[in-house]
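In: Sequence and predicted model, in that order:
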Amino acid sequence: MPQNVLFVCVENAGRSQMAEAFFRKFASDKFDVCSAGTTPSSQLNPLAIQVMDEMGIDLSNQEPKSLSEHMVENSSVTVNMGCMDRESCPSLFVKDVLDWNIPDPKEKSLDEVRKIRDQIKSEVLNLIKTLEASD
């Protein structure tokens, strides 16, 4: 039975989408992964799509999803990407959450979004190692 990994943020338009994509790329088939937001945006951040494309990962067909109780209940591991908006912060609604405190790429420059992407990749690779070691 695969472990369910859930990446959450407010808009599900940048950070959590990147984390989900990296996890899909690097994790074994022992895991199911998804991402969602408490207040999903209408579309992905175009710079998030661009910087992931630079890594050979296509996010152009992804859409922000709303965080559901079902997702939370069925996740083995929930990662909160970080919160700028405390009122809709996913960690307020999810127990036993890992909080990575990664800056929101919204309204950031291309270079800043690349740094955020690289930070997310590093965190995802560390998480995969940890999960595989405990398996």
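Out: Perfect, thanks for sending it.
In: Assumed residue 5 was part of a strand.
Out: Yes - membership of residue 5 in a strand is supported by DSSP: H, G, I helix; E, B strand; the rest coil.
In: How about the contacts made by it?
Out: 23, 27, 31-34, 75-79, 127, 131 (Cβ atoms under 8 Å, 6 or more residues apart in numbering). Every C-beta, even on glycine, is put in place using the N, C-alpha and C of the backbone.
In: Just the pLDDT for it.
Out: On pLDDT, residue 5 comes in at 95.
In: now it: how far from residue 34?
Out: Distance of residue 5 to residue 34, computed by Cβ to Cβ, to the nearest Å: 8 Å.
In: cool, and residue 81?
Out: According to Cβ to Cβ, residue 81 and residue 34 sit 13 Å apart.
In: Between those two, which is the more surrounded one?
Out: It is residue 81, of residue 81 and residue 34, that has more neighbours when counted by other Cβ atoms under 10 Å, with 29 against 19.
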